[in-house]
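*Asks:* curious how this folds, go ahead:
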Amino acid sequence: MNAHDETWAVFWCSLLAPVLFGEVSPRETGRLLRSLAEKDCTFPDGQRKRPSLSTLRRKLRLYRQGGFEALARRPRGDRGKSRKHSPAMLQRAVELKQEQPLRSEETINQFLRQEFGRTIPPSTLYRHLKAAGATRLKLGVTQTKVRCRWTRDQTHALWLGDFEEGPYVLHEGQGVPTHLSAFIDCHSRYVVEARYYYRQNLDILIDSLLRAWAVHGASRELYLDNAKVYHAHALQAACYALNIRLIHRTAGDPPPGGLIERFFQTAQSQFEAEVRAGEILTLQRLNRALSAWLEESYHRHVHAETGQTPEERYRLGLTVIRHVDTQKAAAFFLRKVLRTVHRQFADVQIDGLFFRVDSRLRGDKIEVRYDPFTPLEQVLLYSRDGQYLGVGLRYDRQQGAHAPTPAPPPRGKPKHNYLQLLIDQHEQHLDAAAAGIDYRAAMARRAWPFADFVKTLAGELGRPGGLTAFSSEELQALQQVYSRQSELDGPLLREAVRRAEPKTIPLIVFHLQQLAQQRRR
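*Replies:* Predicted structure coming up:
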């Protein structure tokens with residue numbers, strides 16, 4: 001007896017209870033049944049009507065003969081069989097499907113129309129094919145994968161990242177589209193980084209990852225789309241160096257990326273819908289609003305699947321933080337371009353800026369490496385075979401920066417053995433080539449230590465102490481802006497504090513970024 005039949009059986013037993021439990025005598029049974037047939041009652045299917053006297057007598061007889069189970073409805077004798085289509089027609093449909101499992105219902109019906117002069121509706125056809133074990137799945141030709149749900153037991157065990165189209169923003173007086181780059185933690189559903197950009201390419205992906213690594217450390221695994229940008233050698237090298245397992249979504253198989261796609265849907269319905277309904281924003285204002293929405297709404301709202309807020313689940317699942325040296329990680333993402341040193345000016349050009357090069361390299365084709373995420377003040381120079389050639393400093397070509405080449409002095413008779421000189425020079429050259437490249441010396445050093453930066457800010461805010469004057473969350477925000485803005489100094493910091501009202505760390509960080517951009521212009 002199924003649940004439906006059980007409901008009806010209970011209904012009839014409740015009506016006939018006085019008779020079933022002997023509360024009325026056999027003589028009074030008929031009178032009771034007639035009285036029940038004259039009263040309206042609510043049936044299990046929701047209808048309000050009177051039970052017929054014949055039905056009450058039949059139900060009472062069935063109960064006395066077979067008990068509670070006898071009140072279940074008897075299934076039809078032809079249940080599961082077609083009463084409209086002949087067995088021969090249905091059998092032919094099964095044969096046609098078994099003969100070629102990829103045949104569609106339209107193709108099968110063409111055969112049936114020719115032989116029987118009629119067709120079978122798609123739903124009826126599928127039901128009979130399934131009962132006969134003649135569907136693609138049961139015939140073993142389906143390509144649908146049996147999946148398991150993506151889950152992890154700890155925070156930062158797996159991050160998922162992707163791009164999504166964003167709303168338009170105001171840029172130089174025109175509306176331009178944006179692209180949302182986001183990374184989400186699989187265990188907690190906490191968004192470790194999300195930001196809108198003008199474009200979606202490797203530079204943007206790297207910028208997002210560096211921001212996430214600077215605040216949260218590295219994850220154990222990183223799951224990305226199968227697009228070409230996610231297969232870049234620089235990304236693979238950085239992940240190997242940081243001991244991160246890089247996983248790519250299989251081509252033509254979108255379901256595994258459902259977690260990040262679900263976040264994009266939430267962002268579109270809850271956040272971007274409000275953005276599109278209001279006045280058009282600038283990119284900076286849009287990202288500030290996104291950060292506010294993540295912290296005040298998304299991270300504090302109970303997730304339907306986990307039953308916890310992403311913020312709480314992130315904190316409870318956090319067992320270890322794998323700190324990342326962002327400057328060391330950024331070295332893997334230096335952009336590399338080939339340039340020919342100008343024969344007259346002895347310089348190279350990058351993004352409209354000029355960098356002076358040793359005049360002896362004029363006319364040579366060299367490799368220029370630079371950080372695309374910081375203001376271009378210097379570049380690293382390498383030969384085409386990877387030999388380090390030095391640093392190229394930014395300069396004004398019109399004013400010049402190369403010292404004039406001195407005239408050679410008059411030469412007398414050589415006093416040294418030319419062959420021995422060649423041998424010595426060759427050995428020096430080999431020693432220099434074997435010495436390797438000092439990457440740390442090549443990277444720019446900060447003139448203002450982070451501790452002095454924090455101590456100065458604490459004094460401006462009237463807080464006693466240096467690093468101890470701030471919470472760990474505030475120090476993370478300060479460390480991030482410090483690592484991204486090389487122009488930071490005392491006057492810039494004091495001006496940012498003066499502009500911030502109220503004087504909160506997020507607002508001070510915002511003004512620091514704005515002032516640094518103005519200074520670079």
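*Asks:* can you give me the strands in the stretch 101-250 of the chain?
*Replies:* Assigned by DSSP state E, counting those that start in this stretch, the stretch 101-250 of the chain shows strands spanning 158-165, 169-171, 174-176, 179-185, 191-197, 221-224, 245-248.
*Asks:* now distance to residue 329 and mean neighbour count too, for these, in JSON lines please.
*Replies:* The C-beta positions use only the backbone N, C-alpha and C, and glycine is treated the same way. Shown next, in JSON lines, are those (distance: least, CB to CB, whole Å; neighbours: other CB atoms under 10 Å):
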{"stretch": "strand 158-165", "distance to residue 329": "15", "mean neighbour count": "22"}
{"stretch": "strand 169-171", "distance to residue 329": "29", "mean neighbour count": "17"}
{"stretch": "strand 174-176", "distance to residue 329": "30", "mean neighbour count": "10"}
{"stretch": "strand 179-185", "distance to residue 329": "15", "mean neighbour count": "23"}
{"stretch": "strand 191-197", "distance to residue 329": "14", "mean neighbour count": "22"}
{"stretch": "strand 221-224", "distance to residue 329": "13", "mean neighbour count": "21"}
{"stretch": "strand 245-248", "distance to residue 329": "14", "mean neighbour count": "14"}
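*Asks:* in CSV: those, plus mean pLDDT.
*Replies:* Shown next, in CSV, are the strands of the stretch 101-250 of the chain (pLDDT from 0 to 100):
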stretch, mean pLDDT
strand 158-165, 92
strand 169-171, 93
strand 174-176, 92
strand 179-185, 94
strand 191-197, 95
strand 221-224, 91
strand 245-248, 89
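*Asks:* ok, residues contacting stretch 282-293?
*Replies:* For stretch 282-293, contacts defined as CB atoms under 8 Å, 6 or more residues apart in numbering pick out 166-167, 169-171, 178, 194-198, 267, 270-271, 275, 281, 510, 514.
*Asks:* please repeat the previous calculation with a cut-off of 10 Å.
*Replies:* Stretch 282-293 has contacts (CB atoms under 10 Å, 6 or more residues apart in numbering) with 166-171, 176, 178, 180, 182, 191, 194-198, 267, 270-272, 274-275, 278-281, 298-299, 506-507, 510, 513-514, 517.
*Asks:* and residue 88, how many neighbours?
*Replies:* A count of nearby residues for residue 88, using other CB atoms under 10 Å, gives 10.
*Asks:* swap that for residue 230, sorry
*Replies:* Going by other CB under 10 Å, the residues that sit close to residue 230 add up to 21.
*Asks:* show me the contacts for residue 339.
*Replies:* 347-350, 355, 357, 364-368, 379, 381, 392.
*Asks:* out of these, which comes closest to residue 468?
*Replies:* Sorting those by how near they are to residue 468, with CB to CB, puts residue 379 at the top with 39.1 Å.
*Asks:* can you tell me the element that closest one falls in?
*Replies:* Taking DSSP states H and E as the definition, residue 379 sits inside strand 378-382.
*Asks:* who does that strand pair up with?
*Replies:* Sheet pairing of strand 378-382 (DSSP bridges) gives strand 365-370 (antiparallel), strand 388-393 (antiparallel).
*Asks:* the first one: how far from the chain's middle?
*Replies:* Pointing back at strand 365-370 there. For strand 365-370, the separation from the chain centroid amounts to 33 Å (computed by CA atoms, centre = their mean, to the nearest Å).
*Asks:* excluding covalently adjacent residues, which one is nearest to residue 208?
*Replies:* The shortest distance from residue 208 to any non-neighbouring residue, by CB to CB, 6 or more residues apart in numbering, is to residue 181 (4.4 Å).
*Asks:* that neighbour pairs with what?
*Replies:* Here residue 181, judged by DSSP bridges, has bridge partners residue 163, residue 195.
*Asks:* what's the closest of the strands of the stretch 101-250 of the chain to residue 106?
*Replies:* Closest to residue 106 of the strands of the stretch 101-250 of the chain is strand 158-165 (CB to CB; 36.4 Å).
*Asks:* so which elements touch the closest one?
*Replies:* strand 179-185, strand 191-197, helix 202-216, strand 221-224, strand 245-248, helix 258-266 (3 or more CB pairs under 10 Å, 6 or more residues apart in numbering; DSSP states H and E).
*Asks:* if we go to 6 Å?
*Replies:* strand 179-185, strand 221-224, helix 258-266 (3 or more CB pairs under 6 Å, 6 or more residues apart in numbering; DSSP states H and E).
*Asks:* please parse this protein into its domains.
*Replies:* Each domain of the chain is listed here as a residue range: 3-71, 87-139, 158-327, 334-402+418-442, 450-520, per automatic domain parsing.
*Asks:* could those domains go into TSV alongside distance to residue 152?
*Replies:* Output for these, formatted as TSV (distance: least, CB to CB, whole Å):
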stretch	distance to residue 152
domain 3-71	38
domain 87-139	31
domain 158-327	4
domain 334-402+418-442	29
domain 450-520	23
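*Asks:* distance of residue 250 from residue 168?
*Replies:* 33 Å (CB to CB, to the nearest Å).
*Asks:* and the closest residue to residue 509 other than its chain neighbours, what helix or strand is that in?
*Replies:* Using CB to CB, 6+ apart and skipping the chain neighbours, the partner closest in space to residue 509 is residue 481 (4.8 Å). If you go by DSSP H and E, residue 481 is part of helix 472-484.
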